[in-house]
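Student: Predicted structure and sequence below. I'll ask about it afterward.
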Amino acid sequence: MEMDLLKGLVGGYDAHLFGSTFREVFRSNTVLADRDVYSLPLNLSENEIIQIVRDLSEIHWAYRGNYRFITANCATLLQDLLNQALGLEEEEETELDFLRPDSLFSALRDSKLARGDVFASLALAEQQGYFFPRNRIYYQQALDYLQSNIADYPFYSLDEYGQTRASARLIALLSDDAIYKAFQRNERLVEAQRLLEERWLMLLWFESFQQVVSIIVELNLIQLLEVKIAQMSDGEDKQLLLQCYMQPLRQISREVERFNGIPSVSQLPEYIFDKRRSCHSQEAQQRVFDVINSALVSDNSLIKKLKGLEHELAQALDNIETLERFF
């Protein structure tokens with residue numbers, strides 16, 4: 001497991017740090033945060049869509065305001081954008097007037113700006129891709145199915161399942177003859193069991209990612225690596241570390257550079273990657289790992305915790321592979 005230490009620090013800055021894809025939003029909310037996700041369609045013309053996309057781009061590159069939890073937050077900024085792009089300030093009845101974040105969705109849903117009717121039936125909305133329920137209900141169904149079909153199933157709740165070490169979970173299942181025979185007879189029981197294990201695999205991965213962030217911040221990792229890079233001779237290892245790790249870290253650790261409008265690619269040289277260099281290959285990640293690992297103190301409590309999480313992740317993966325292999 002020593003070689004897996006801090007693997008989350010290597011090559012992990014794709015969808016998470018360069019803009020969340022919808023898949024990441026879906027997973028982080030419905031699986032990790034246990035929330036429902038609603039996708040509210042707006043009634044916009046093609047020209048209005050183009051204008052809003054341009055306005056959003058300009059806000060990203062030219063925004064100079066300060067975020068305020070009460071008066072200038074995600075909800076008020078969105079309202080300002082819609083009011084301006086759609087010309088709502090001239091129509092008092094339709095203008096969005098600084099609604100709080102917890103009431104903006106319902107106000108938009110019930111307004112003429114949106115097609116709130118898509119949520120008349122949540123079942124239909126889910127089929128059409130407008131509603132994504134929290135995933136806990138499906139994992140609970142899997143647990144209920146296991147409990148109802150196996151008399152001595154050893155786990156009574158989702159929380160208790162996750163609080164049990166991964167190795168102990170596997171032993172509890174495979175050392176019981178009744179459970180083993182039930183899995184052999186019923187493939188759906190194995191699928192339900194694998195689903196529970198996969199849930200905790202994702203939760204462990206997310207906790208590991210958070211631990212990586214703590215290491216970056218609390219151990220001043222950027223400064224440590226800047227010193228390390230200065231001591232390195234020019235070569236492939238140095239270029240890999242700069243492009244695959246330091247460049248993304250530098251971008252997220254400082255304020256976004258502001259422009260008068262949307263910049264061209266030539267104005268963003270530090271965002272341009274050498275496509276001949278793969279940051280996600282095993283060899284590249286191992287090289288970067290070696291440099292990072294040499295810059296850290298291995299007996300630090302944050303590193304020790306990450307090692308423990310890495311071990312649990314590996315064991316959870318082994319549990320899934322064992323279920324697939326045996327049944």
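Tutor: Perfect, thanks for sending it.
Student: CA atoms for contacts and neighbours, from now on please.
Tutor: OK.
Student: Would you mind measuring from F183 to Y156?
Tutor: Taking C-alpha to C-alpha, to the nearest Å as the measure, F183 falls 18 Å from Y156.
Student: what about those two, which has more around it?
Tutor: F183 (22 against 11; other C-alpha atoms under 10 Å).
Student: what residues go with each domain of the chain?
Tutor: What automatic domain parsing lists as the domains of the chain is 2-18+210-316, 37-132, 136-198.
Student: Please name whichever of the ones you listed is nearest to L204.
Tutor: domain 2-18+210-316 (6.3 Å; C-alpha to C-alpha).
Student: chain center to that closest one: distance?
Tutor: Distance of domain 2-18+210-316 from the chain centroid (C-alpha atoms, centre = their mean, to the nearest Å) equals 17 Å.
Student: so how far is L317 from F155?
Tutor: Taken as C-alpha to C-alpha, the span from F155 to L317 is 19 Å.
Student: If we go by neighbour counts, what in the helix or strand hosting E310 is buried?
Tutor: Secondary structure from DSSP states H and E places E310 in helix 301-326. For helix 301-326, burial by neighbour count (16 or more other C-alpha atoms under 10 Å) applies to 302-303, 306-307, 309-313, 315-317, 319-320, 323.
Student: For that helix, enumerate the helices and strands it packs against.
Tutor: helix 166-174, helix 187-218 (3 or more C-alpha pairs under 8 Å, 6 or more residues apart in numbering; DSSP states H and E).
Student: and those, which is most packed in?
Tutor: Stretch with highest mean neighbour count among these: helix 187-218 (a mean of 18; mean count of other C-alpha atoms under 10 Å).
Student: For Y139, report the pLDDT, please.
Tutor: Per-residue confidence (pLDDT) for Y139: 95.
Student: Can you tell me how far it is from I59?
Tutor: Distance from Y139 to I59, by C-alpha to C-alpha: 40 Å.
Student: what do you get for D318?
Tutor: Distance from D318 to I59, by C-alpha to C-alpha: 46 Å.
Student: list the buried ones in the host helix or strand of A123?
Tutor: With secondary structure defined by DSSP H and E, A123 is part of helix 122-127. Buried residues in helix 122-127, counted by 16+ other C-alpha under 10 Å: 125-126.
Student: Likewise for stretch 130-137?
Tutor: Quick answer for stretch 130-137 (16+ other C-alpha under 10 Å): 130-136.
Student: The closest residue in space to C244 that isn't next to it in sequence: neighbour count?
Tutor: Spatial nearest neighbour of C244, excluding adjacent residues (C-alpha to C-alpha, 6 or more residues apart in numbering): C279 at 5.3 Å. If you count neighbours by other C-alpha under 10 Å, C279 ends up with 23.
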